[in-house]
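pasting the sequence and the predicted coordinates here, then a few questions.
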Amino acid sequence: MEKPRWLDFLSARLKSQISLENGEKAQSWALALLCLICVGFAFQAVGNPEGQSFLYGTKILFLIFFHLLLILGFYLPSLLQKGEKPLARLLGIKDFTGLMAVSLVLTFYTVVVFMLSHQTAAGTGELGVSNFFTFVAWTHFLFAGLYLLGCLFYFTSLFFFPNALVKFVERSGKSVYVFLSLHATFFFLLGFGYAEMAPIGSPTFFEQLRVAGLFWIFIVTSILLISQWLRESSVPALASLELEVASGKLERTEEILERFKEAFVLKRLSFWINRLSHTVATKGHEIAQLTHEAVNFVSREKPTEIDLRVVEERHRRADHVYKKLEKENQRFLVSLSLFELTDAERTKVEELRDQFSRELRNGKLELASVRQRIDERLVALKNQVPVQVPVEKIPAAPVASK
């Protein structure tokens, strides 16, 4: 493509990107306003309750909406769009920062559902509901606790034991069907229990439905609002590229095309990839240095006991660094499975994945070969016949004079 055509293309793309991001900003403001309006009306309705039974029925409807939203918003899309990431695409999870922000918000709302489930189960005795609904409420409380434990397991495994999270993901292929069935079951059971207290279609039902719906609109819009705030602008990068093409700094089509692709790569994602790449290179170099030192010490003609202890210490340190590198790779793979990336971003990620694979393979081979050389050297030293010195040739100790 010639220079004038590149300029026309970049100018048109820059204008469309500005319009797109202005629309996203307007959408963010609309979501923020909707959040404030919904939470205001919801707390106003809760602040003037019609009795304890009104709040109790509202909590049950809130939990019913919880199951309905998870069925329609997460589990069904996951089954219908196998191999894709509908939740990551909806929430705009493209980097580790966005993943942590959305995970913390979802964990907070999981705690809210857990607390409301406990309040619902604990209030069955005061309101005199049926034994069947009492059993359903306490069973639902345990089910909500399972979600809370899952959130704690997710954060703990991601930062300290990523291998456990990897194994869990590998072995939970059919869990989507199980949780979908459980959510559908609790949706109907809680609905039957709610019908015991407020007839469907009554004024009380519609008022409780309005309050519970307002709270869930606030929750959903707040999550979407956070994902909107985490998005980065590509306008500065496109404007800089257009200026360099217009000034003649960039003329080759390959360079312009590469810069155009990089303009849509998130800066936070690039920073995360560069940081991990530096960590991988540093740890790979440290493993090579420690194993090289171990080989130098054990290859001496007559290594002392201190040299042999240093050899074991160097090998142990190299193995520890390798395990840390392996843990970092597992955390990277788990995080990567939750991202929704563009083609340009996926190219950068694949380069980092290749670097991880290469350094882990080289480190494993170095540790194995060095361990073999150390063992062979130790066996050789053990099999050496020590020189026997006759007893009569051993000099006697000098006798101290009185």
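Structure received. Numbering: from 1, shown residues only.

and for residue 377, the neighbour number?
18 (other Cβ atoms under 10 Å). The way it works is simple: take the backbone N, C-alpha and C, and place the C-beta from them, glycine included.

pretty sure residue 283 contacts residue 325?
Yes - here residue 283 reaches residue 325: they are 4.5 Å apart, a contact under Cβ atoms under 8 Å.

which residue packs closest to residue 31, ignoring adjacent ones?
residue 225 (4.5 Å; Cβ to Cβ, 6 or more residues apart in numbering).

circling back to that earlier point, overlap in contacts of residue 283 and residue 325?
residue 359 (Cβ atoms under 8 Å, 6 or more residues apart in numbering).

contact partners for the residue nearest the centre of the chain?
By Cα atoms, centre = their mean, the chain has its centre lying nearest to residue 335, at 4.2 Å. By Cβ under 8 Å, 6+ apart, the residues touching residue 335 are 96, 99, 158.

list the buried residues for stretch 334-345?
Within stretch 334-345, the residues scored as buried using 16 or more other Cβ atoms under 10 Å are 334-336, 338-341, 345.

state the distance from residue 341 to residue 372.
Noted for residue 341: a distance of 41 Å to residue 372, by Cβ to Cβ, to the nearest Å.

gap between the two ends of stretch 170-177?
Stretch 170-177 has an end-to-end distance of 15 Å (Cα to Cα, to the nearest Å).

show me what that stretch is in contact with.
Taking contacts as Cβ under 8 Å, 6+ apart, the residues outside stretch 170-177 that touch it are 75, 78-79.

residue 208: which of those is nearest?
residue 75 (25.5 Å; Cβ to Cβ).

residues in contact with the closest one?
176, 179-180, 183.

count of neighbours near residue 350?
Neighbour tally, residue 350, other Cβ under 10 Å: 12.

please identify the helix or strand for it.
Taking DSSP states H and E as the definition, residue 350 sits inside helix 343-383.

let me see the mean pLDDT of that helix.
The average pLDDT for helix 343-383 rounds to 83.

quick one: mean pLDDT for stretch 186-205?
82.

number of nearby residues for the closest residue to residue 310 other than its chain neighbours?
Spatial nearest neighbour of residue 310, excluding adjacent residues (Cβ to Cβ, 6+ apart): residue 297 at 5.2 Å. Residues within reach of residue 297, counting by other Cβ under 10 Å, total 21.

give me the element residue 297 is part of.
Here residue 297 sits within helix 267-298, counting by DSSP H and E.

coming back round to it: wait, what's in contact with the residue nearest to residue 31?
Counted by Cβ under 8 Å, 6+ apart, residue 225 has contacts 28, 31-32, 35.

same deal with residue 368?
Residue 368 touches nothing, counting by Cβ under 8 Å, 6+ apart.

these two touch, right, residue 133 and residue 125?
No - contact criterion Cβ under 8 Å: residue 133 and residue 125 do not qualify, at 11.4 Å.

ok, those two, which is more surrounded?
Neighbour count, other Cβ under 10 Å: between residue 133 and residue 125, residue 133 has more, with 22 against 9.

nearest residue to the more buried one other than its sequence neighbours?
residue 193 (3.7 Å).

then residue 222?
residue 35 (5.3 Å).

report the separation between the one you found and residue 227.
13 Å.

contact partners for residue 300?
Residue 300 is in contact with residue 307, counting by Cβ under 8 Å, 6+ apart.

host element of it?
Short version, using DSSP H and E: residue 300 is in no helix or strand.

separation between it and residue 60?
Residue 300 is 77 Å from residue 60, where distance means Cβ to Cβ.

what do you get for residue 76?
With Cβ to Cβ as the criterion, residue 76 and residue 60 are 23 Å apart.

where does pLDDT dip in the stretch 1-150 of the chain?
1-4, 46-51, 83, 127-128 (pLDDT under 70).

same thing but at 90, please
1-60, 72-103, 119-137, 150 (pLDDT under 90).
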